[in-house]
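Enquirer: here are the coordinates; sequence isn't available:
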């Protein structure tokens, strides 16, 4: 008959979890007269179990997991464990955290299953119960003991452990609570603990510090070293109760979730979440109905949402600002509603039930299906065309996301969560808005009646780490020579315009260039929606404000540029010129604010100058074209053209000097160019960056500022 695995976990260090696991195993041995195995999987408290038992094996559970053993038997296992004269066996945790990272979860799972054929009881010290190795043990366990103490802070952490185990869909009966060190005089009694945690303790062990301390000092568990103590008797009573009620035999019949350890490992290594759905396809993705009708999965979510709204008032419950409390309360309500549903056909597996819980919780309190897409670092853009159609961009290529919103009503609630913290509003009177997320990602939202298929959301994500010039060189967006040249230009206070099409990477390049500005200079940024992420400290960030509900209170980029001129800027960085503010920007460049940077939409440098001229005309001053062109020629020194190529890559295709004006034409000289030479078999652009041989006129001016530019970088190669 197969044995049983018991995993012992604790929400907080110091609750006596390892001591409990060791003495539980020895109490079982004395009562049932069979040899147990103790396995230490607590990788946060390496070596604690060795001290409790007084054993120090040469090998560890990591060695066991990686052992190339066809089938485990006593002979194969003997080199990996220590066998005590008292009659129990022990496999230790690794000696250091570096070795712990090498554990093979698949090998661990195979060993634990085999161990139940060699030992009637396997007691596993599972640490906090959240690490992948502990979850793997829990997947094959019959029973999970959660050890706590009568302390409010410990109880709070214990509640989180119980909640986590519940989220992973382990059967509630499988998880039993043990209260350790319960003193007769303690203010927090078992009844209070039961009320706080919502479950009755399976066992309450008395406080006996003297016996425990003596046992630890001798490295001899007190079940052996103090057999007559009240503490030891309480362990024997616990084991007898388990045997009399046939607890392990009954629990062994329950279905346990699988795959939770692997997901925890993937989350730990990559910090990526699954893109959700009701059933998996051949590629391991969850599927959804592709028809216009509501699929059973979505219908189930709608029913749970409606039930959730009936029993909860999110505005009132969240008014105290304690997000964790609201999330915990909402999760419990969702689980209760799920228990009232027949889930056998829609999501029969525990994995799908866990996913259903996550999706409903994300839509109730977070950004719904956008949560996972925002967490996925490989996704650079999210395009919600309609409730049931979401596209994402990966590697520069669009693809359909296998996730949808539950309803348009739910979309509108999520839109409100995005715009409300920014003091903005989207409704019939203002059916579109530009906003940003907490991480700086740019969001554009447009709703009916302007959007005919329903609310539309476009999110351009910001990378988690700040892009540097080294990254752009590594991506192939420019060469190191071009990067060095641009650094000289920024440090030399040239006025630079970054030109490019939509999604070409203009803002990213502007960010990189801005970080070349010396840290002792005062920088003022002006943007529609704050996106720039400058690394300097001496920065003032200004953001426009739209009209309020009365149609007043708007603050435009033009007004902010005029305002920043009174703020003693060394550099002015305008996120993008879209209108008459172009004139104010050029005037600033021409009136002592050299070194200014901005972006605008254009497909090549010559078009950028023509568009700049058009934008100046939008200022409404009626200036003649000749005067506008002269202003542009004297103000702008450099145009950098950023382009998104056919294969999705982004490259700096031109770096051009504005060399002056001849007649009515602004003179433009290319300094560096990207020469496209075709595509390879994978449809990737083949090309090379080449200098044109032209040496810009401003080189001599930069050299007078002690910025020595090697003339060789301009030579034709």
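Expert: Right, received. Where do you want to start? Since the model is a prediction, treat every value here as computed from it, not as a measurement.

Enquirer: count of residues packed around residue 69?
Expert: 15 (other Cβ atoms under 10 Å). From N, CA and C alone the C-beta is placed, and that goes for glycine too.

Enquirer: chain neighbours aside, what residue packs nearest to it?
Expert: Closest residue to residue 69 apart from its sequence neighbours, by Cβ to Cβ, 6 or more residues apart in numbering: residue 76 at 5.0 Å.

Enquirer: if I look at the one you found, how far off is residue 112?
Expert: Per Cβ to Cβ, to the nearest Å, residue 76 is found 15 Å from residue 112.

Enquirer: between the two, which is the more surrounded one?
Expert: More neighbours surround residue 112 than the other of residue 76 and residue 112, with 25 against 15 (other Cβ under 10 Å).

Enquirer: where does that one fall, secondary structure wise?
Expert: Using DSSP states H and E, residue 112 falls within helix 105-118.

Enquirer: which helices and strands does that helix pack with?
Expert: Contacts defined by 3 or more Cβ pairs under 8 Å, 6 or more residues apart in numbering; DSSP states H and E place helix 105-118 against strand 4-10, strand 37-40, helix 61-66, strand 121-125, helix 132-139, helix 260-270.

Enquirer: could you dump those to JSON lines with distance to residue 405 and mean neighbour count?
Expert: Shown next, in JSON lines, are the helices and strands packed on helix 105-118 (distance: least, Cβ to Cβ, whole Å; neighbours: other Cβ atoms under 10 Å):
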{"stretch": "strand 4-10", "distance to residue 405": "37", "mean neighbour count": "27"}
{"stretch": "strand 37-40", "distance to residue 405": "45", "mean neighbour count": "28"}
{"stretch": "helix 61-66", "distance to residue 405": "42", "mean neighbour count": "21"}
{"stretch": "strand 121-125", "distance to residue 405": "42", "mean neighbour count": "27"}
{"stretch": "helix 132-139", "distance to residue 405": "31", "mean neighbour count": "26"}
{"stretch": "helix 260-270", "distance to residue 405": "24", "mean neighbour count": "16"}
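
Enquirer: dump the ones you listed to TSV, plus distance to residue 309 and mean pLDDT.
Expert: Output for the helices and strands packed on helix 105-118, formatted as TSV (distance: least, Cβ to Cβ, whole Å; pLDDT from 0 to 100):
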stretch	distance to residue 309	mean pLDDT
strand 4-10	35	95
strand 37-40	46	96
helix 61-66	47	93
strand 121-125	42	96
helix 132-139	33	91
helix 260-270	30	58
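
Enquirer: now those as a markdown table including distance to residue 492?
Expert: Listed next are the helices and strands packed on helix 105-118 as a markdown table, based on distance: least, Cβ to Cβ, whole Å:
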| stretch | distance to residue 492 |
| --- | --- |
| strand 4-10 | 61 |
| strand 37-40 | 62 |
| helix 61-66 | 56 |
| strand 121-125 | 63 |
| helix 132-139 | 53 |
| helix 260-270 | 42 |
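
Enquirer: for the stretch 301-450 of the chain, give me the ranges with low pLDDT.
Expert: For the stretch 301-450 of the chain, applying pLDDT under 70 flags the ranges 313-324.

Enquirer: appreciated, that's everything.
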